[in-house]
Every structure is written in structure tokens, then in C-alpha cells.
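*Asks:* no sequence on hand, only this structure:
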């Protein structure tokens, strides 16, 4: 029954794997988890400084390896050997160059011997000596180095290899900051150096610098994708598994999430409740329809009078009744509050919820004597206003104000209103159900369950209690119990459309597609023009892989109610998943248009932000476009109403920022792998 539930519509989400792979990579690849995912995979020794100083393989290994005497192509932690000297140039400096390389070879052998004896810092010193020799040579003959491009390249590769080896020794010797400094030096010269990035990732993780570690993960993933770009374009599988297991991405995101969520919650809390946006009219109507009292208040509002009538009566009220005339003052405030309540209900009847909420808030402020809260007679005046208003009108005002606060996700304020109403009407089961809904949105499932039990003890046939408890049980993964509640509701009220739709959802969750189909056919008999029915039928086709049929149903759902955001999102996913002829790309432009329309219809529809962000990121032609996705997620965060929504969008934002930073580190201009 939660405000955010969209009546438990089953969203078809293809982007959840983005928590396990970089979101920008999703539409290009969905790698399967290999059996070796429990640890970071090893990089090929060909990456980075993979060539050798001498024909003999280096015995020097980096941090984390076991210290065996040989290097293998699958060991990422092995330090590299300096590359072989460039072919002798036809110049009078050949002898000097040969002497330099012979000396570097001697130092390399000494370093290997020290490594084998686990004298890591001494080995690091030997690599430093070799680096100093190169630096001295470069400084002594700077002009010659500039003129000889081949020599410059050879020296650069030697610097990369020796610095990477020294970094490994620092890591082995437990000097992580020195190791990181050398990793940075390597990456300045070779941004795609896999060994340096893998070591940097490992050290950053050990120092709990999770954001920076995630950037390294994304850099490794982006390099992997870039290396396999041609194969991916042809629809061929990439070479080898991804360099980092999906579990590592999830783990790092989970470490970063709490801080991001806290930041978003702080920003939300800084906004006054009154200034928070309401959900879309469609969402509010669907929520109101789920309560048993919907038809009664709608009928009362329709017969009670027009907005103009109540406005005229409000204008005729006396102004400035003195507070010292308590009875007259209380009667005047109560009359005004009652008129505002009635006009607010009429606005709600006309689906003008913004104006309705404003009237309910104003009426509540009058009854609470907000203007006289500092007066000595405040409590006495407030009691007099409530008495003058009458118990029923006061309870209905509390009920509507509780709903308005809930819609703006002021859970504490909503509970206060509902609980005060329950004190006055202890047998009102609908209020108990609404209190349970607030508890659900606060993730207090056990308290919500207790309130549902209380409501059903008072009235075992309360349809809204059965309907919303079924929703709670689905959230708790108690599917059979959810099904029982919905079966009971339908047995008692065969024409309850929402119960049938939710039971279809349960059938789909159980992969009982035939059962879901029968339930939807029955629902369509009761309301053939229901946008929700067509949307659910589309989801059923989607589950079967019939994407064209699914898209057709989603389009019918849009025609039935253009304010329903769900079919726009689902239609976009149907477009993306529809196989294209001759290996052509899906119509991403159309999918993006549909997702943007969903947000236009309902700015709080969080599923649209998640899907649109992933799609735009994967199609971004440059990093400035990619940064627009971060702005999109920031907008989505402003409208989040539940912890689940916050986690989803925060996770996508974390990954997006990390990927953009990784692309910058790799000197890439785009994340688009197409």
C-alpha cells in the first residue's frame, strides 16, 4: 500500500545488472560470472611492462603472489622486466647505449636475487639505482634523446618496467604509499598499464579508499571493453573473462553507498515538508482507489458542492474575530477549517491535488492553532476549535492531512495524524491500514504486520487490509501468504480489479504464466479500458520474450491513460530488447524518448531515471554528455521517497561518476563502445 508502490506494478527492469557491471557497459555486454570470481583475476604479463631486459624471464613478483621462481602469463602481480634494448642505432653513441643497457641488466639480476631472498627494500633500491642511471643519461644528453625517437621510446618503456617492479617491492615490504606513488608514475606514462592499475586497486582497497578503488575497477573494465570493441560490434564474445569479478563491483558500491545515501537524505531533509513535490495525479489516484472508503468520499465530494461554492462561503466569513472571545473565535476557526476541508476534498475529486493539499494544510494549521502556539491559552483554544468542528469532520481532516504528509514522505507527521485519528475512531480499519502503509514505507515491516492483524481482527472482510497485507508479504518474500490474502479478497469481492492485478503479479513471480494470463483475462472483463490491465498483459508478453506483442499492449495502456508512467518505461525496454534485423542496433532514440516521457508524466517515477541514465550513459558520444547522466540522477534523488529508491539511484550515480573518472584517467573521450 506504500505511496511509492505504483500499486505493485511489476516493472520490467533490464538494468539491475548495472550494480554488477559498469552501467555504461550494460547495453554492450552482460558478462557471465566465472568460477574464479572469488578473487581478482590475474592480468596477462603482456600488459604494461611485459617485455624483458634479458631473454631469461624475471623471477621478481609483485605483492599478493606466492613468490614462485617463474613468471606466468596469468600472474598479474609479477613485476615486469625492463624491455630489451632497441636495435643499435647508426650513430657514434652506440657504445654508450650498450654500456647503459648492460649495466641495467646487471642491476636487474641483482634485484631478482634480492627478491628471491625476500629482501624487498634492497631490491627496490636496485631498481632505483637503474632508474637513476636512466635519468642521468637523459639529463646528460637531452638533445640527443629528443632527436632519437626510438631511443626515447626504449628508455620510457624501461622506466615504466623498472618503476612497476619497484612498486611491487614496496607493496611486498608493506610501504603502500610508496607503492601507490610508483603506480601513479607508471600510469602517468602508460594510463592503460594493467598491472599498475590492479596493484593500485588492491592497495586502495586495503586502505578503505573505496571510491578511488572503484575508479580503478572501472578503468580496468573500460580497457577490457575497448580492447574487445571490434568483437562486440560483430556480436562475438570478448576475449577472456572481465578483468574484475562482478562481486567486486557490488562490494565496492556497497561500501560507498551509505555516505551517498546520507548525503541525499540530508539534502531531502533540508527541504521543508510543505515544499516537497507530490507524486503524479495518476499515482495518487491509484493509491486512493486501493482503500475501501474511496467510493464514499468521492460520492460525498461530488454531491457536497463546487469549488466556487466553498470559496464564496470562505470569503463571506468574518475576519479578525478577537481571540479573547474564545467561543466566537473557536467557532470561526472551526467553520473556516471545515470549509477548507470540503473544498480540499472537491479539489481531490477533480484531481487537482496541489490545491487540495494546500487547503488541507491550511485547515490543519487553523485547528492546531498554529498562529497562537505561543499564547498562554493555546491548548484551551485548540480544544475549543476541535469541539466546535465536530468529531467526524476533525477525524476526516486528520485522515486527509495524514495522507498528504505521507504523499510528501513526511512519515513522522503522517503517523501523528493517523494515530490521533485512531484514538478517536479505534475501530476504523482503514486508518489502521494507512498507518501500516506508513510503517511499510519506513521499512518497519513487523509493526505494519501487527496493524494489519489488528484491522482484520476488527473486520475479517476488510478488502484494503487484505490487499495491502498481500503487498507487505510480497516485500517479505512470503509469496504463498500473499497469494492467500489475494485469493480471499477476490472471493469476497470478485470485481476487485487491484486484487486480480496483484494476483497476476504473484503468478508471474512464481513463473506461472498461464495463471497470470487467466487472472488478467478476468480483470479485463471487469475493466476492458484499464491502463493497468494492458500494462500487466504487456509485462506477461515481455516475460515470454514476445517483445512486439508486449510493446503493442504497452501502447494500448498509454492510450487508455496517458498519465500512467509505467507503460512508457516498459515500452522503452521492449524496444531495446526487440531483436534487430541484420545485427542492427535497437532504436535507442525511441527508447530514450519513451523514458523521458515517463519522467515528464511522473517526475517521481524512479524506474525511469534508472533506465534512462543507463541508456544515455551507454550512448554518450563524449564525456560531457556522460556528465549529464550524473545530473539526471541528482534530479532523480530529489524525488526519491523510499530507502530502496535511494539505494538504486545512488548506486547508479556512484558507478557513473566512477566510470567518468576512469575514462578521464585512461584519456578516453567517450564511454560509448558502439
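*Replies:* Done, it's in. Quantities reported herein were computed from a predicted structural model and do not represent experimental measurements.

*Asks:* got a list of what residue 204 touches?
*Replies:* 180, 210, 212-213, 216 (C-beta atoms under 8 Å, 6 or more residues apart in numbering). Glycine gets a C-beta too; all of them are placed from N, C-alpha and C.

*Asks:* state the distance from the residue nearest to residue 304 when sequence neighbours are not counted to residue 627.
*Replies:* Nearest non-adjacent residue to residue 304, counting by C-beta to C-beta, 6 or more residues apart in numbering: residue 342, 5.7 Å away. With distances taken as C-beta to C-beta, to the nearest Å, residue 342 is found 49 Å from residue 627.

*Asks:* confirm for me that residue 122 is in contact with residue 112.
*Replies:* No: using C-beta atoms under 8 Å, residue 122 makes no contact with residue 112, being 11.7 Å away.

*Asks:* mind checking the pLDDT average for stretch 358-377?
*Replies:* Average pLDDT, stretch 358-377: 93.

*Asks:* can you map out the helices along the stretch 151-300 of the chain?
*Replies:* 176-189, 194-206, 210-227, 229-233, 246-269, 281-289, 294-304 (DSSP state H, counting those that start in this stretch).

*Asks:* next, the buried residues of the fourth one.
*Replies:* Neighbour counts over helix 229-233 (16 or more other C-beta atoms under 10 Å) mark residue 232 as buried.

*Asks:* then the second one?
*Replies:* Taking 16+ other C-beta under 10 Å as the neighbour-count basis, helix 194-206 is seen to contain the buried residues 194-205.

*Asks:* stretch 279-290 too?
*Replies:* 279-287, 290.

*Asks:* those residues into TSV, with extra columns for distance to residue 501 and pLDDT?
*Replies:* Below are those laid out as TSV (distance: C-beta to C-beta, whole Å; pLDDT from 0 to 100):
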residue	distance to residue 501	pLDDT
279	19	90
280	19	91
281	19	93
282	15	93
283	15	92
284	18	95
285	15	95
286	10	93
287	14	95
290	11	95
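
*Asks:* ok, of those residues, which one's closest to residue 649?
*Replies:* residue 279 (16.1 Å; C-beta to C-beta).

*Asks:* the closest one reaches residue 407, doesn't it?
*Replies:* Yes: taking contacts as C-beta under 8 Å, residue 279 lies within contact range of residue 407: 6.0 Å.

*Asks:* ok so, going back, pick the most deeply packed of the helices of the stretch 151-300 of the chain.
*Replies:* Most buried of the helices of the stretch 151-300 of the chain, by mean neighbour count (mean count of other C-beta atoms under 10 Å): helix 194-206, with a mean of 24.

*Asks:* angle of it against helix 210-227?
*Replies:* Counting by axes from the mean of the first three to the mean of the last three C-alpha atoms, to 10 degrees, helix 194-206 lies at 160 degrees to helix 210-227.

*Asks:* tell me where the stretch 501-650 of the chain has strands.
*Replies:* For the stretch 501-650 of the chain, no strands turn up when DSSP state E, counting those that start in this stretch is the criterion.

*Asks:* measure residue 302 to residue 540 for me?
*Replies:* In terms of C-beta to C-beta, residue 302 sits 36 Å off from residue 540.

*Asks:* kindly report the same for residue 528.
*Replies:* Taking C-beta to C-beta, one finds residue 528 at 16 Å from residue 540.

*Asks:* out of these two, which sits in the busier spot?
*Replies:* residue 540 (23 against 10; other C-beta atoms under 10 Å).

*Asks:* could you check how far the more buried one is from residue 515?
*Replies:* 10 Å.

*Asks:* buried residues in stretch 647-664, which are they?
*Replies:* 647-663.

*Asks:* what does that stretch rub up against?
*Replies:* Counting by C-beta under 8 Å, 6+ apart, 18-19, 22-24, 211, 214-219, 221-222, 249, 253, 256-257, 260-261, 264, 606, 609-610, 613-614, 617, 623, 626-627, 629-630, 633-634, 636-637, 640, 669-671 sit against stretch 647-664.

*Asks:* quick one: mean pLDDT for that stretch?
*Replies:* Per-residue scores along stretch 647-664 average to 95.

*Asks:* for residue 555, give me its contacts.
*Replies:* Counting by C-beta under 8 Å, 6+ apart, residue 555 has contacts 567, 571.

*Asks:* now do the one 5 residues further on
*Replies:* Each residue near residue 560 by C-beta under 8 Å, 6+ apart is listed here: 529-531, 534.
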